[in-house]
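Visitor: What follows is a predicted structure for the sequence shown.
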Amino acid sequence: MPSLRGRVTLATVAASAGVSVATVSKVLNGRSDVSESTRARVQEILREHEYVGRRPEPVVDRAAVELFYQGVLNSYSLEVIQGVVEAGQAADVDVVVSAHPERAQARSASTGRAAPWIREMTANGRRAVIGITSELTAADVAALSRARLPLVVVDPMNVVQPDVTSVGSTNFAGGMAATQHLLSLGHRRIAYLGGPPTSGCNQARMNGYRGAMEAAGAPVPKDYVWMREFLYDDGLAGGAALLDLPDPPTAIFAGSDEVALGAMEAARARGLRVPEDLSVVGFDDTQVARLASPQLTTVRQPIREMGAVALRTALQLAAGEKVDSHHVELATQLIVRDSATEPARVSS
């Protein structure tokens, strides 16, 4: 096979495959009047040499921003998406929602080439990128920077570089407020049922919990802190583990509303009543908190506003404007409903 040096063109691909330029063009355009063996040979050469070809400049009537998420969509991420989309409508900006690509697609930053998903966003005329609870690598961030695509992350799972712009809430203060509420009701055996140990927002909520417990002189046994993900099934498993302890907690502070609902179901499966036998406080104040039975006491994050701030910040960066801070925290608020009360008295 002839070596393809310099810029790869249709003519060089055709010469390497031993076919005409017209045949290569037919393969690129998906025409059916090409034999399967010829099509396979041309496609192999195109793949080997990463032929992209000249793409027409995208006709973009409105600016477009890519919004990607990682993992399973849940009540929290759906509300963030709604906040971004609503802010996009107000700013006359299109928001394109996609799942985060698999790690296997990422290229090392040392190659000097953007990962395929980043090249595609650039080709499609995206102005900026917003990620929801996504775990980005240094290579991802470097590739986005080389592509001149501003990045804003909502509640990042990790912060690989200190200058990555992010939007979150006052997670530490929220964790402290939730725990202080349970302490004020008379609970001392309070457990924390949280999300991924490496997640920044999870660590802040847990530290708020620990801070409130330490200030009250309430002990935190090692088994009283259980962390996995922010999903219902994790709350179910974690709630079961906590309630099956020899000395189970009388209250659980859950790192998300879905985790809280899972813990409540674990309690019901053991014949325990919420809140009479077990008090539960969540975090987020998504729609599921109001649909729960009993309705969930929780820490409200301004989730849709977080999405809106992320969109506005991304547009500022895309316009070359400076932002006041690389990390924005919006205030949380404790919402008291029906899932927490005084601990049950044990008769002597």
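Guide: Yes, it's here.
Visitor: The closest residue to V80 other than its chain neighbours and Y76: what is the separation?
Guide: Residue nearest to V80 in three dimensions, not counting chain neighbours: G307, with 4.3 Å by Cβ to Cβ, 6 or more residues apart in numbering. Every C-beta, even on glycine, is put in place using the N, C-alpha and C of the backbone. Taking Cβ to Cβ, to the nearest Å as the measure, G307 falls 11 Å from Y76.
Visitor: hmm, back to that, measure the residue nearest to V80 to P150 for me?
Guide: 16 Å.
Visitor: Between the two, point out the one with more neighbours.
Guide: Comparing G307 with P150 by other Cβ atoms under 10 Å, the one with more neighbours is G307, at 27 against 22.
Visitor: which stretches of the protein form helices?
Guide: 10-17, 21-28, 36-48, 75-90, 116-123, 138-146, 171-184, 200-216, 232-243, 257-269, 287-291, 303-318 (DSSP state H).
Visitor: highest average neighbour count across those?
Guide: Comparing these by mean neighbour count (mean count of other Cβ atoms under 10 Å), helix 257-269 comes out on top with a mean of 24.
Visitor: Quick one: residues in contact with it.
Guide: Helix 257-269 is contacted from outside by 74-76, 193-195, 230-240, 242-243, 252, 254, 273-274, 277-278, 280-286, 288-289, 292, 296, 298, 339, using Cβ atoms under 8 Å, 6 or more residues apart in numbering.
Visitor: partner residues bridging the nearest residue in space to D94 that is not next to it in sequence?
Guide: Among residues not flanking D94 along the chain, A64 sits closest, at 4.3 Å (Cβ to Cβ, 6+ apart). As for beta bridges, A64 partners with D94, R126 under DSSP bridges.
Visitor: Tell me if I'm right that A64 and A91 touch.
Guide: No. Using Cβ atoms under 8 Å as the test, A64 is too far from A91 to be in contact (11.5 Å).
Visitor: and G131, what is it in contact with?
Guide: G131 makes contacts with L67, F68, Y69, Q70, H100, L151, V152, V153, V154, P156, as judged by Cβ under 8 Å, 6+ apart.
Visitor: The most centrally placed residue in the chain and H327, how far apart?
Guide: The centroid of the chain falls nearest to T133 when counting by Cα atoms, centre = their mean (1.9 Å). In this structure, T133 and H327 are 15 Å apart, going by Cβ to Cβ.
Visitor: Likewise for V24?
Guide: Going from V24 to H327 by Cβ to Cβ gives 49 Å.
Visitor: Likewise for E258?
Guide: Here E258 is placed at a distance of 25 Å from H327 (Cβ to Cβ).
Visitor: Any idea which of the helices of the chain gets closest to Q333?
Guide: Comparing the helices of the chain against Q333 with Cβ to Cβ, the closest turns out to be helix 171-184 (8.0 Å).
Visitor: So which elements touch that closest one?
Guide: In terms of contacts (3 or more Cβ pairs under 8 Å, 6 or more residues apart in numbering; DSSP states H and E), helix 171-184 is packed against strand 190-194, helix 200-216, strand 251-254, strand 279-284, strand 297-300, strand 333-335.
Visitor: if we go to 6 Å?
Guide: Of the remaining helices and strands, those touching helix 171-184 by 3 or more Cβ pairs under 6 Å, 6 or more residues apart in numbering; DSSP states H and E are helix 200-216, strand 251-254.
Visitor: packing partners for the last one?
Guide: Strand 251-254 is packed against helix 171-184, strand 190-194, helix 257-269, strand 279-284, with contacts defined by 3+ Cβ pairs under 6 Å, 6+ apart.
Visitor: Output the ones you listed as a markdown table; include the columns distance to M206 and mean pLDDT.
Guide: As requested, the helices and strands packed on strand 251-254 are exported to a markdown table (distance: least, Cβ to Cβ, whole Å; pLDDT from 0 to 100):
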| stretch | distance to M206 | mean pLDDT |
| --- | --- | --- |
| helix 171-184 | 7 | 98 |
| strand 190-194 | 5 | 98 |
| helix 257-269 | 12 | 98 |
| strand 279-284 | 11 | 98 |
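Visitor: In TSV: those, plus distance to V225.
Guide: Listed next are the helices and strands packed on strand 251-254 as TSV, based on distance: least, Cβ to Cβ, whole Å:
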stretch	distance to V225
helix 171-184	12
strand 190-194	5
helix 257-269	13
strand 279-284	15
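Visitor: do you know which of the ones you listed lies nearest Q316?
Guide: With Cβ to Cβ as the measure, helix 171-184 is the member of the helices and strands packed on strand 251-254 nearest Q316 (23.8 Å).
Visitor: Relative to the whole chain's centre, how far out is that closest one?
Guide: Averaging C-alpha positions (Cα atoms, centre = their mean, to the nearest Å) puts helix 171-184 24 Å from its chain's average.
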